[in-house]
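Student: Compute the structure for the input listed below.
(chains A and B)
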2 protein chains.
Amino acid sequence: MDSHIIQALKDIVGADRLETAAEELHCYSYDGIGQQFVPEAVAFPESTEQISKIMALASSKSFPVVPRGAGSGMTGGSLPVAGGLVLALGRMNRILEIDEENQLAIVEPGVITGKLREAVAPLGLFYPPDPASLKFCTLGGNVAECAGGPSAIKYGVTRDYVLGLEVVLADGRILETGVRTRKGVVGYDLTRLFIGSEGTLGVITKIILRLTSRPTASKTILLLFADMAPAAALVAAMLKEHTPSTLEYLDNTALGLVAGKLPFVLPAEAKAMLLVELDGDGQSVELQSSRLDDFLADHKEILLCKKAENPEEVEALWMARRSVSPAAFSLKPDKISEDVVVPRSKIPELVACTEELSKRFKLPIFTFGHAGDGNIHVNIMLDKANPEEISSGTQAKEALFREVLDLKGSLSGEHGIGITKAPFLGLELSATSLDIQQQLKKLFDPLNIMNPGKIF
Amino acid sequence: MDSHIIQALKDIVGADRLETAAEELHCYSYDGIGQQFVPEAVAFPESTEQISKIMALASSKSFPVVPRGAGSGMTGGSLPVAGGLVLALGRMNRILEIDEENQLAIVEPGVITGKLREAVAPLGLFYPPDPASLKFCTLGGNVAECAGGPSAIKYGVTRDYVLGLEVVLADGRILETGVRTRKGVVGYDLTRLFIGSEGTLGVITKIILRLTSRPTASKTILLLFADMAPAAALVAAMLKEHTPSTLEYLDNTALGLVAGKLPFVLPAEAKAMLLVELDGDGQSVELQSSRLDDFLADHKEILLCKKAENPEEVEALWMARRSVSPAAFSLKPDKISEDVVVPRSKIPELVACTEELSKRFKLPIFTFGHAGDGNIHVNIMLDKANPEEISSGTQAKEALFREVLDLKGSLSGEHGIGITKAPFLGLELSATSLDIQQQLKKLFDPLNIMNPGKIF
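Tutor: Below is the predicted model of the structure:
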């Protein structure tokens, strides 16, 4: 990136909004996966117009542009693997409008997910998607990756809340997609083409989000089982007549990791845990809870049923779920973390597969995740200082992916492809699908300057 | 279409599965809009492979192919406006799989929407989208147009239930999109690119649908108001704390049309009606109903509140809503029917606009529709034998569209663009959007053989 480009960028965003100092570039060189790629410059644009000018410049000078929210992605989506310019969107963090009557919000991409939740709560409104990183991730990143979370089982994922977008295309043109209304079928669905496209088709500069009414009450229940199979069977049976807002599980290894953190003594025979949450208004939660009690009473395979009676007990139960990831580093210093998804009835088979892989590759492997929708976080623990373990971990990951696809699942439920899963894309997608997708990429970005090196 | 092509088509589908007789072609020359375009041939394929061969032939010989479900579309989407071959998909009507545990179904495109509902009901499962034509329309058509219905306010539209597709591309290649799981973010969202694409990008040959648990109880309530404004305000207030499964309205003119059909005497001051339905399991409906009663008791602007106490009374209340369309022909022999959508708070303004247009163009105009999501059916009544009324009706329609867009609405909520709205597409979509959409069309269908003349 020569000095003329740097000067042109400064002319667009202002000299104090463009960084080229090594220590600044360093801050924008990583994301959630622990790999590092240093960009040549970082711009902090403050408007769609600035981004439009930057993209026009990038097209004429042919340099890569990598949009970046909070850098909390799990597959390397915001890493500048081909150098170029990082577009740090953190300053475009205004909530432009909250339309209370029509239950929608219009936001810039740098708004932190949790901040939108806080802003709409006093109006009795709710933005449901709840990625684990919601306190620091951005809505632009959520849209780019189609983020999900524990509440997806009841409320769906980011895709289900985006009504329309403003996007700056690779050549600098500004495109508006979608509607401000709940329904809309005018022309091709460009909105959802951008959702989950990981910054490879354009820069998202505005997001129209549907909101719902805010649940005012909730109830949390922890269940223990002697095996994953009865836990998964219970999930299927429960979802026929109940609508929990979350339905998380821990497998035997994960449960062992957090045994000491539980607010009760873990029975020796417990090998699987479910964490169930109900939400709604007070009366509805009471009714749901009493119906769920009746259902659970009929299921003698439940070893222990622990209901949280107050906020402290809720916190104590969730603590177990949240402690899994940090506790895992007691096993090994590094991990490969994958968010595969299988039909939920196949969870026991997938857990059995990970246990078998753990034995075969002599690495600790554990799983936890969203039992209601089959989206499972598989954690392969290893020491990256040990080349043998890196090799074993990589082989275990590929064997896992093949099993997931055999079970009619998918390689990613909510993290996207980025760079970490890109080599495996051809396992899931046919040659025809890959061809169409690459043609789409070429249509939107003929010079391959929009976040190059991702997905494919 | 020369005799060699006809013979080649017969070789693919069998001689008895290809029709060229005038009386047969006539049957496939119309849809719900009352215009007629006669195809050159109609094929009745029975497999994806046959369709793949037909498309390869169509590509090599360059003739138009128009996929057709039940021909119940409202914008001309299945009309062979450029002649060529109609692909009648009614024989591809198998429900291939119902996966009870994972709550999904895999169907061929010719399955009638209502038949899927019937098939899954005994398993306690439910396919929510409910276009008015659900007893005869097909799921392939629903996906092609992204059909909605009254229950969209609670359950969403067709788009929200499609997990994946099998599509035959214009060149005959078979493409699989999406997943069999609730989540999935691998690559670009080709599934939703085909949803609502009106048969212009490929032929849908298989659909993976998400199902939910079946509601076992419901409650219907009719409300009358002296004006649309308080009715719309009540809708906004209601949706903050209640989740009705339908929320339909009739305006003053529509209400007048069905006054005689109501199971009670219509108060003279009633100028707007809401029809509210709650659903769920028995206990949940009781709770929702008692909460709604409390809410309604506080709203003195309600002139009359009529609750259905038994199935016969439910039927009597719904009869009023369903009688509007047939009763309209007492006003004039023909109608222009448009399914515009506005932010729901803007419904009173849109209704006022239609009343003004009615006066200005001296044509009866009435509206009814989905008050919860702002999707409004505007009916401009006219006599097509009278050229002056055709001209006035066309002008009124364009004036309506401009008002809808001023109110930040959209030209179609659930019917699509087809040929009837195609001339107005540029009112809503920018030059950039149209350019991108036409490039997408060219990418998938470079020879313009897939349902040509639609959308653009």
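
Student: quick one: A:Pro230 and A:Glu301 touch, right?
Tutor: Yes - if you go by C-beta atoms under 8 Å, A:Pro230 and A:Glu301 touch, sitting 4.1 Å apart. To be clear about C-beta, it is placed using only N, CA and C from the backbone, and glycine gets the same treatment.

Student: Leaving out sequence neighbours, find the closest residue to A:Gly141.
Tutor: In space, and not counting its chain neighbours, A:Gly141 is closest to A:Gly69: 3.3 Å by C-beta to C-beta, 6 or more residues apart in numbering or on different chains.

Student: got a list of what that neighbour touches?
Tutor: A:Ser78, A:Leu89, A:Gly90, A:Pro109, A:Gly110, A:Cys137, A:Thr138, A:Leu139, A:Gly140, A:Gly141, A:Ala144 (C-beta atoms under 8 Å, 6 or more residues apart in numbering or on different chains).

Student: if we go to 6 Å?
Tutor: A:Gly69 sits next to A:Leu89, A:Thr138, A:Gly140, A:Gly141 when contact means C-beta atoms under 6 Å, 6 or more residues apart in numbering or on different chains.

Student: likewise A:Ala41?
Tutor: A:Ala41 touches A:Met1, A:Thr20, A:Leu85, counting by C-beta under 6 Å, 6+ apart.

Student: do that again at 10 Å, thanks
Tutor: A:Ala41 sits next to A:1, A:5-6, A:9-10, A:18-21, A:24-25, A:28, A:63, A:80, A:83-87 when contact means C-beta atoms under 10 Å, 6 or more residues apart in numbering or on different chains.

Student: Ok, A:Glu97 next?
Tutor: Per C-beta under 10 Å, 6+ apart, neighbours of A:Glu97: A:Leu104, A:Ala105, A:Ile106, A:Val107, A:Arg180, A:Ile208.

Student: Out of these, list just those in strands.
Tutor: Using DSSP state E, the members of the contacts of A:Glu97 that fall in strands are A:Leu104, A:Ala105, A:Ile106, A:Val107, A:Ile208.

Student: Tell me how many other residues crowd the fourth one.
Tutor: Looking back up the chat, that one is A:Val107. Using other C-beta atoms under 10 Å in any protein chain shown, the number of residues around A:Val107 comes to 27.

Student: Wait, it touches A:Leu96, no?
Tutor: Yes - between A:Val107 and A:Leu96 there is a contact under C-beta atoms under 10 Å: 6.3 Å.

Student: shared neighbours, these two?
Tutor: Common contact partners of A:Val107 and A:Leu96 (C-beta under 10 Å, 6+ apart): A:Lys206, A:Ile207, A:Ile208.

Student: Verify the contact between the second one and A:Arg159 for me.
Tutor: No - in this structure, A:Ile207 sits apart from A:Arg159 without contact. The criterion is C-beta under 10 Å, and the distance is 11.9 Å.

Student: Compare the two (neighbour count), which wins?
Tutor: When neighbours are counted by other C-beta under 10 Å, A:Ile207 and A:Arg159 differ, and A:Ile207 comes out ahead with 29 against 23.

Student: list residues touching both of A:Pro230 and A:Glu301?
Tutor: Contacts common to A:Pro230 and A:Glu301, judged by C-beta under 10 Å, 6+ apart, are A:Leu223.

Student: Over to A:Gln288. Which of the three states is it?
Tutor: helix (DSSP: H, G, I helix; E, B strand; the rest coil).

Student: I should have written A:Asp279 there, sorry.
Tutor: Strictly by three-state DSSP, A:Asp279 counts as strand.

Student: Near A:Ala56, how many other residues are there?
Tutor: 17.

Student: Just the element for it, please.
Tutor: helix A:48-61 (DSSP states H and E).

Student: in that helix, what counts as buried?
Tutor: A:Thr48, A:Gln50, A:Ile51, A:Ser52, A:Lys53, A:Ile54, A:Met55, A:Ala56, A:Leu57, A:Ala58, A:Ser59 (16 or more other C-beta atoms under 10 Å in any protein chain shown).

Student: out of the ones in strands among the contacts of A:Glu97, who has the most neighbours?
Tutor: For the ones in strands among the contacts of A:Glu97, neighbours were counted using other C-beta under 10 Å, and A:Val107 has the most, 27 neighbours in all.

Student: Quick check: phi and psi at A:Gln36.
Tutor: Backbone torsions of A:Gln36, given as degrees, to the nearest 10, read phi -130, psi 130.

Student: ok, it touching A:Ser29?
Tutor: Yes - in this structure, A:Gln36 is within contact of A:Ser29 by C-beta under 10 Å, at 4.8 Å.

Student: quick revisit: quick one: list the elements packing against the helix holding A:Ala56.
Tutor: Using 3 or more C-beta pairs under 10 Å, 6 or more residues apart in numbering or on different chains; DSSP states H and E as the contact test, the elements touching helix A:48-61 are helix A:3-13, strand A:41-43, strand A:65-68, strand A:85-88, strand A:162-168, strand A:174-178, strand A:203-210.

Student: Could you dump those into JSON lines and include mean pLDDT and distance to B:Ser391?
Tutor: Converted to JSON lines, the helices and strands packed on helix A:48-61 look like this (pLDDT from 0 to 100; distance: least, C-beta to C-beta, whole Å):
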{"stretch": "helix A:3-13", "mean pLDDT": "98", "distance to B:Ser391": "51"}
{"stretch": "strand A:41-43", "mean pLDDT": "98", "distance to B:Ser391": "54"}
{"stretch": "strand A:65-68", "mean pLDDT": "98", "distance to B:Ser391": "50"}
{"stretch": "strand A:85-88", "mean pLDDT": "98", "distance to B:Ser391": "51"}
{"stretch": "strand A:162-168", "mean pLDDT": "98", "distance to B:Ser391": "34"}
{"stretch": "strand A:174-178", "mean pLDDT": "98", "distance to B:Ser391": "33"}
{"stretch": "strand A:203-210", "mean pLDDT": "98", "distance to B:Ser391": "37"}
